[in-house]
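Student: Attaching a predicted model along with its sequence, questions to come.
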Amino acid sequence: MGTLLEEIHSQNALLPDLPKGPLCIYRAKSSFNWKELLLFLDGEDMIIFKKRIFSAFENDPLFAHHPGEELPIEKYRELNFLRCKRLFEYDFLNIQEMIKNPLKIFMLINCLGMYDWSLSAKYFLNTYVFASTIQNSGSQRHMHFIQKTLNMEIFGCFALTEVSHGSNTKAIRTTAQYDPTTQEFIINSPDFEASKFWIGNMGKNATHAVVYAQLYTPGGQCHGLHSFVVQIRDPKTLLPMPGIMVGDIGKKLGQNGLDNGFTMFHNVRIPRENLLNRTGDVTPEGVYNTSFKDVRQRFGASLGSLSTGRVCIIGMSVVNLKLALSIAIRFSATRRQFGPSDDDEIPVLEYQMQQWRLIPYLAAAYALDHFSKTLFENLIELQIGLLQNDKSIRQAELGREIHALASAGKPLASWTAQQGAQECREACGGHGYLAMNHLGDIRNDNDPNCYVFNGSNRSRIIFKICSILIRVTVCVCMLYIFAGGYFSGEQAGKVIKNAILDLCAKLKDDAVALVDVIAPPDFILNSPIGRANGELYKNLWTTVLQGKKVLERASWWAEFSTYKPTIGSLKSKL
Ligand SMILES: Cc1cc2nc3c(=O)[nH]c(=O)nc-3n(C[C@H](O)[C@H](O)[C@H](O)COP(=O)(O)OP(=O)(O)OC[C@H]3O[C@@H](n4cnc5c(N)ncnc54)[C@H](O)[C@@H]3O)c2cc1C
């Protein structure tokens, strides 16, 4: 008995009860304990890790939200940089912890993203994408770049895309010509269409870039795409290095804290050693060496880091879906419209249409969440094998499987999140369109995850995910299979529709508890209509009143009150 009490006590310390309020009606109806499911899915260690990050943000004034205020881009980028700098001070995940549980890298990306994807992208493009590309594509001679990145002596970016080519990486036109007389590569952008473009961190901040360019040796022979570390700014002044034209591409539809930039190279000389030489190298005399006999294989290996990007994008999309659903389902459980009588309105979650719109996406969030974590763990296994030079059949099969799963999973997850976020926004009616409720940001920030088409067979994959997930919850899983369109045919249509409606109705009373498992704390979710206390109107009202100058008279009041237009005075000029 004592042990059970102790267990409950420690569970409550780890996961305190959610605040009491209107959502308690649904919480009381739930068929399971949300704390037990969260512990089962994440484990105690991961829950503590997430809490550490979220609490640090909530208690640090640098991370305070500014309700009702749209920061000018320059200010937002500065703030995002300062927050990024603070992450180095927090050092949430040291190397030892990362090695012990690599899934924490994935969790850190996602926790930062739940707060703000601009921050997550800025931090990870530098410490993970830039540094890990050097680690995976370079050799011992490049390790000093990684150390300097981790100390923030330099700041990195990953420069593959050009203005005129993104998906078709083979057509990249930046060149790296080897000059044996000085033992340097000369980097050039043939014209503005070949300028590097869209590169995160490049706009204002990066001092170094991993640049993808076509490698030429003396005699004019091209050896295809290779990556090079190129210094683009002076770390002491942040001014461009000679021969470099670098700038910011401007305002985007989302993630505006991140400085996406462009660069043109004009005869920029870099040391021979800056070639990341895991798949091919050039001798001081200018002879090209590679252990790959097949050019296509070498090309594939040199772009191996793109699989990591795809897997991370699956995780990011799932996070966006979870955030949107947390807001929409809590809103739907507290928003009352119509009912048996005028003074007895019912929550809109009770309507079959609202269940049909939201609950299948909730099932998708659970299924894809499990898929993304498993895939990330497989990816880490693959990378460890690569570092250990594992040439086994299993390693090769793992590589192929991850490539296929990541390529198909990325569009599936990003599109599901895109459609889900839109559905959530609409499901919140007018309040979903109010910026402070956060659904617009979630949708806009998710959009870049949807680019680049890849046409693998997605139903090969979802069955695999679901067979694993079935252990967790049969209803959620079956609903995702039915609603995701993985069965088709005329006779199946009616059965499936009824099955979906039936499963939606079964999950309706569990929906709030299922959201309690996946929702971050209120401070991170940052949506008055999605707060855990369910006090929809109090939360909304308070946030509206916190806005800057909400109750102030308009500065242009006299234009209305004092100066009236002379009606028709401009008509003669038409
Ligand atoms: C927010 C953001 C951050 C980014 N950060 C970076 C970064 O840090 N570093 C970097 O190098 N790049 C970055 N990029 C660039 C990104 O990698 C490219 O935008 C992406 O690869 C798509 O390339 P593209 O824009 O040239 O589109 P395109 O390749 O021109 O594609 C245009 C359209 O054609 C479709 N299409 C293309 N090929 C095919 C095909 N074979 N079959 C069917 N349809 C096809 C695409 O799906 C798309 O709809 C970033 C982009 C964004 C939006």
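Tutor: Ah, there it is.

Student: quick one: pLDDT of residue 386?
Tutor: Predicted confidence (pLDDT) at residue 386: the value is 79.

Student: Helix, strand, or coil at it?
Tutor: helix (DSSP: H, G, I helix; E, B strand; the rest coil).

Student: Excluding covalently adjacent residues, which one is nearest to it?
Tutor: residue 136 (6.9 Å; CB to CB, 6 or more residues apart in numbering). All C-beta atoms are positioned from the backbone trio N, CA, C, and that covers glycine.

Student: quick one: that neighbour and residue 278 touch, right?
Tutor: Yes - Residue 136 lies in contact with residue 278 (CB atoms under 8 Å); the separation is 7.1 Å.

Student: Please compute how far stretch 137-149 lies from its chain's middle.
Tutor: 26 Å (CA atoms, centre = their mean, to the nearest Å).

Student: Which positions in it come out as buried?
Tutor: The neighbour-count check on stretch 137-149 (16 or more other CB atoms under 10 Å) flags 137, 138, 142, 145, 146, 148, 149 as buried.

Student: now do the same end-to-end measure for it.
Tutor: 16 Å (CA to CA, to the nearest Å).

Student: Outside of that stretch itself, list whatever touches it.
Tutor: 126-127, 130-131, 134-135, 154-156, 208, 210, 227, 229, 273-274, 276-279, 302, 304-305 (CB atoms under 8 Å, 6 or more residues apart in numbering).

Student: Could you rerun that using 6 Å?
Tutor: 131, 134, 154, 156, 227, 229, 273, 276, 277, 278 (CB atoms under 6 Å, 6 or more residues apart in numbering).

Student: Can you check my assumption that residue 346 lies in a helix?
Tutor: No - applying three-state DSSP, one finds residue 346 to be strand, outside a helix.

Student: circling back: from the buried residues of stretch 137-149, which land in helices?
Tutor: 137, 145, 146, 148, 149 (DSSP state H).

Student: Need the max-distance pair from those.
Tutor: 137 and 148 (17.1 Å; CB to CB).

Student: could you check the distance from residue 219 over to residue 349?
Tutor: Applying CB to CB, to the nearest Å, the value for residue 219 to residue 349 is 70 Å.

Student: Spit out the contact partners of the residue positioned nearest the centre of the chain.
Tutor: With distances taken as CA atoms, centre = their mean, residue 316 lies nearest the centre of the chain, 3.2 Å away. Contact analysis of residue 316 by CB under 6 Å, 6+ apart lists 113, 449.

Student: Please repeat the previous calculation with a cut-off of 8 Å.
Tutor: So residue 316 contacts 109, 110, 113, 117, 120, 446, 449 (CB under 8 Å, 6+ apart).

Student: how about low-confidence regions in the stretch 301-450 of the chain?
Tutor: 301-305 (pLDDT under 70).

Student: Next to the ligand, which bits of it? Give me the list.
Tutor: Contacts of the stretch 301-450 of the chain with the ligand, taken as CB under 6 Å from any ligand atom, map to residue 448.

Student: Over to the chain?
Tutor: Close to the ligand, as judged by CB under 6 Å from any ligand atom, the chain has residues 125, 158-161, 165-167, 198-200, 255, 260, 448, 451-453.

Student: Mind checking which of those residues are buried?
Tutor: Using 16+ other CB under 10 Å, the buried members of the residues of the chain next to the ligand are 125, 158-161, 165, 198-200, 255, 260, 448, 452.

Student: Now these in a markdown table, please, with extra columns for distance to residue 355 and secondary structure.
Tutor: Shown next, in a markdown table, are these (distance: CB to CB, whole Å; DSSP: H, G, I helix; E, B strand; the rest coil):
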| residue | distance to residue 355 | secondary structure |
| --- | --- | --- |
| 125 | 39 | helix |
| 158 | 42 | strand |
| 159 | 46 | strand |
| 160 | 43 | coil |
| 161 | 41 | coil |
| 165 | 45 | strand |
| 198 | 40 | strand |
| 199 | 43 | strand |
| 200 | 39 | strand |
| 255 | 32 | coil |
| 260 | 39 | strand |
| 448 | 31 | helix |
| 452 | 33 | coil |
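
Student: what two of these are the furthest from one another?
Tutor: Maximum distance among these (CB to CB): 21.7 Å, for 165 and 255.

Student: From the contacts of stretch 137-149, which land in helices?
Tutor: Going by DSSP H, the helices hold 131, 134 from those.

Student: Now pLDDT too, for the contacts of stretch 137-149, in CSV please.
Tutor: CSV is the format used below for the contacts of stretch 137-149 (pLDDT from 0 to 100):
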residue, pLDDT
131, 94
134, 95
154, 98
156, 98
227, 96
229, 98
273, 98
276, 97
277, 95
278, 88
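
Student: now, the most widely separated pair of the contacts of stretch 137-149?
Tutor: 154 and 278 (20.7 Å).

Student: Against the ligand, how distant is residue 424?
Tutor: Using CB to the nearest ligand atom, to the nearest Å, residue 424 is found at 22 Å from the ligand.

Student: Reduced to three states, what does that residue come out as?
Tutor: From three-state DSSP, the assignment for residue 424 is helix.

Student: Report the contact partners of it.
Tutor: 324, 325, 327, 328, 358, 361, 432, 439.

Student: do residue 369 as well
Tutor: 41, 318, 322, 518.

Student: Mind checking which of the contacts of stretch 137-149 are in strands?
Tutor: Taking DSSP state E as the definition of strands, the contacts of stretch 137-149 contribute 156, 227, 229.

Student: give me phi/psi at the residue of the chain found nearest the ligand?
Tutor: Closest residue of the chain to the ligand, CB to the nearest ligand atom: residue 166 (1.9 Å). In this entry, residue 166 is assigned phi and psi values of phi -120, psi -70 (degrees, to the nearest 10).

Student: Looks like it contacts residue 212 (just checking).
Tutor: No - between residue 166 and residue 212 there is no contact under CB under 8 Å: 11.8 Å.

Student: how about low-confidence regions in the chain?
Tutor: Applying pLDDT under 70 to the chain picks out residues 1-2, 298, 300-305, 452-459, 461-478, 486-491.

Student: How is it partitioned into domains?
Tutor: Domain ranges of the chain: 156-294, 295-538, per the TED database.

Student: Mind listing residues that contact the helix or strand that residue 121 is a member of?
Tutor: In this structure, residue 121 sits in helix 117-124 according to DSSP states H and E. Residues outside helix 117-124 that contact it (CB under 8 Å, 6+ apart) are 76, 80-81, 83-84, 87, 109-110, 112-113, 200-201, 205, 254-259, 312, 316, 445.

Student: Could you dump the buried residues of stretch 137-149 into CSV and include distance to residue 396?
Tutor: Putting the buried residues of stretch 137-149 into CSV (distance: CB to CB, whole Å) gives the following:
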residue, distance to residue 396
137, 19
138, 23
142, 26
145, 29
146, 27
148, 34
149, 31
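
Student: hey, where'd the strands end up in the stretch 301-450 of the chain?
Tutor: Secondary structure of the stretch 301-450 of the chain (DSSP state E, counting those that start in this stretch): strands located at 336-341, 344-347.

Student: and those, which is most packed in?
Tutor: strand 344-347 (a mean of 14; mean count of other CB atoms under 10 Å).

Student: Report all helices and strands that it contacts.
Tutor: Packing partners of strand 344-347 (3 or more CB pairs under 8 Å, 6 or more residues apart in numbering; DSSP states H and E): helix 305-334, strand 336-341.

Student: quick one: strands adjacent to it?
Tutor: If you go by DSSP bridges, strand 344-347 pairs up with strand 336-341 (antiparallel).

Student: quick one: the strand it pairs with to chain centroid distance?
Tutor: Worked out by CA atoms, centre = their mean, strand 336-341 lies 39 Å from the chain centre.

Student: which outside residues touch it?
Tutor: So strand 336-341 is contacted by 345, 346, 347, 348 (CB under 8 Å, 6+ apart).

Student: From these, pick the one nearest residue 54.
Tutor: residue 347 (28.0 Å).

Student: give the contact list for the closest one.
Tutor: When contacts are taken as CB under 8 Å, 6+ apart, residue 347 is in contact with 26, 332, 333, 334, 335, 336.
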